[in-house]
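Asker: Provided below for reference: sequence and predicted model.
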Amino acid sequence: MTRLPEQAPTLEELFARADLNATLPLILRTGVGPTTNGEYRHWDDVRRSTPPEGLTREQWWLGMKWARSPLRRSIPLLATDGTPFHYSLPDPVLELLSWIDQHAAGGIMVSETVSDPSQRQRYLVNSLIEESITSSQLEGARATRKVAKDMIRSGRQPRDKGERMILNNFRAMSSLRDVDQPLTPDILFDLHRVLTEGTLDDTTAAGRPQRPDEQRGHVEDSSGTVVHRPPAADQLEARIRLMCDFANAKLAEGFMHPVVKAILLHLWLAYDHPFEDGNGRTARALFYREMLRRGYWLFEYISISRLLLKAPAKYGRSFLHTETDEFDATYFLIYQLQIVKRAIQELHVYLQAKMAEMRETLTLLRRTSLNHRQVALLTHALRHHDAEYTYRSHARSHNVAIQSARTDILDLEDRGFLVRRVVGNRYFFYPAADLAASLRNAS
């Protein structure tokens, strides 16, 4: 069962019951700031921790809240009681934003594995499949990864609701590429429709917010504990319009870092919870849309949902910490930034491993009994998985007779390195799907 964090005392409450003449000098002497050891801590953690010498836990919390107060930036999202959400940019946030800017946008240096156009589609599809599966699993899809991947790659129809959720999510994520239009309610509804088609009890609920005449439920965790009560349905139309205006910078909130805005849009949709189901999937897809739209192109290749699925309680707690501390979105912001950084780091580790694997395979290839023409063809095939070869193209590349080219290629086919396709009376040859593994095994 989820343990809900204790409601944090507000700054006004702390001032009202503190002897400020005695307390403020103590706080100033201890140097309490908005963070402790680089952590943006919640009252639920502070009340269980040892405070700095000379301070009570409540005085320590007062010092933190006081230090955070001038950093607050309000956003147009209002809680159900009318309190505006806000966020701060303490040092941990600024450090994470700087790192993400260096590693996920602009003309950054990336592995040849991703920059090679012939391989981009392969890695993109793998990433979209990964995000589709894990985002759906966060909301209850039970299909195994192998079954889900086979379904998407083969193009077969889904057999149950879980598989339908995954396929829908794959289609939605695929549609987010090259998106440059401003966000509108209709675009949001279309995104939800794609994500939830064929998965809702009420088939008419796909692609529209809940109506005032419908039962507006609360949000429960897996144990049945109520963790969130969203706004009334009759407020949703206006709130969604306001969210779109926020996304499109039509409101006078001043400059906001694009990654911060993308994360706050995720939080906004999750808080309003406008749909019968699929709110989490839509919120995460909205985050991806905003990141890609703002030029963070590496997000085509990373999955945040896989990391969120590893620790769903921490994901949920970042929401709860925000709601139980005067709607301070900094908790959610920091957690999501940490997830983004980890996802980018893991992508780079994966790509480095793939490049090392390719270099090793090329080294082994050069030690085989194959002739230099065959080695050149397979070296090209390892880097270009969609390459096409014919007897004539191979003969021209190496200035040899057609018969020599034919002998080379048929030998590679016999070894399992190339596969043949027949079109009319012509033969075309392509790299085997498991070419790298086949070469390592042959060596």
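Answerer: Happy to help now that I have it.
Asker: can you give me the strands in the protein?
Answerer: Under the criterion DSSP state E, the chain contains strands at 73-78, 84-87, 219-220, 226-228, 418-423, 426-431.
Asker: could these go into JSON lines alongside mean neighbour count and mean pLDDT?
Answerer: Heads up, the C-betas are built off the backbone N, CA and C, glycines and all. Output for the strands of the chain, formatted as JSON lines (neighbours: other CB atoms under 10 Å; pLDDT from 0 to 100):
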{"stretch": "strand 73-78", "mean neighbour count": "17", "mean pLDDT": "95"}
{"stretch": "strand 84-87", "mean neighbour count": "20", "mean pLDDT": "97"}
{"stretch": "strand 219-220", "mean neighbour count": "14", "mean pLDDT": "69"}
{"stretch": "strand 226-228", "mean neighbour count": "15", "mean pLDDT": "79"}
{"stretch": "strand 418-423", "mean neighbour count": "12", "mean pLDDT": "93"}
{"stretch": "strand 426-431", "mean neighbour count": "17", "mean pLDDT": "94"}
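Asker: Compare the ones you listed and give me the one nearest residue 391.
Answerer: Closest to residue 391 of those is strand 426-431 (CB to CB; 7.2 Å).
Asker: Show me what that closest one is packed against.
Answerer: Using 3 or more CB pairs under 8 Å, 6 or more residues apart in numbering; DSSP states H and E, the elements in contact with strand 426-431 are helix 402-414, strand 418-423.
Asker: Indicate which one of the ones you listed is closest to residue 154.
Answerer: Minimum separation from residue 154 across those (CB to CB) falls at strand 418-423, 17.4 Å.
Asker: Tell me which residue lies nearest the centroid of this structure.
Answerer: With distances taken as CA atoms, centre = their mean, residue 304 lies nearest the centre of the chain, 3.0 Å away.
Asker: Next up, the contacts around it.
Answerer: If a contact means CB atoms under 8 Å, 6 or more residues apart in numbering, then residue 304 has 131, 284, 287, 336, 339, 340, 343 as its contacts.
Asker: 7 Å instead, please
Answerer: Taking CB atoms under 7 Å, 6 or more residues apart in numbering, we find residue 304 in contact with 284, 339, 340, 343.
Asker: With residue 177 instead?
Answerer: 292, 300.
Asker: again, only this time at 6 Å
Answerer: If a contact means CB atoms under 6 Å, 6 or more residues apart in numbering, then residue 177 has no contacts.
Asker: what's it sitting at in phi/psi?
Answerer: The phi/psi pair for residue 177 (degrees, to the nearest 10) reads phi -70, psi 140.
Asker: gap between it and residue 393?
Answerer: Residue 177 sits 31 Å away from residue 393, taking CB to CB, to the nearest Å as the criterion.
Asker: quick one on the thing from earlier: want to throw the helices and strands packed on strand 426-431 into a markdown table with distance to residue 319?
Answerer: Rendered in a markdown table, the data for those read as follows (distance: least, CB to CB, whole Å):
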| stretch | distance to residue 319 |
| --- | --- |
| helix 402-414 | 55 |
| strand 418-423 | 49 |
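Asker: what about the residue lying closest to residue 335 once chain neighbours are set aside, distance to residue 280?
Answerer: Spatial nearest neighbour of residue 335, excluding adjacent residues (CB to CB, 6 or more residues apart in numbering): residue 318 at 3.9 Å. As judged by CB to CB, residue 318 and residue 280 stand 13 Å apart.
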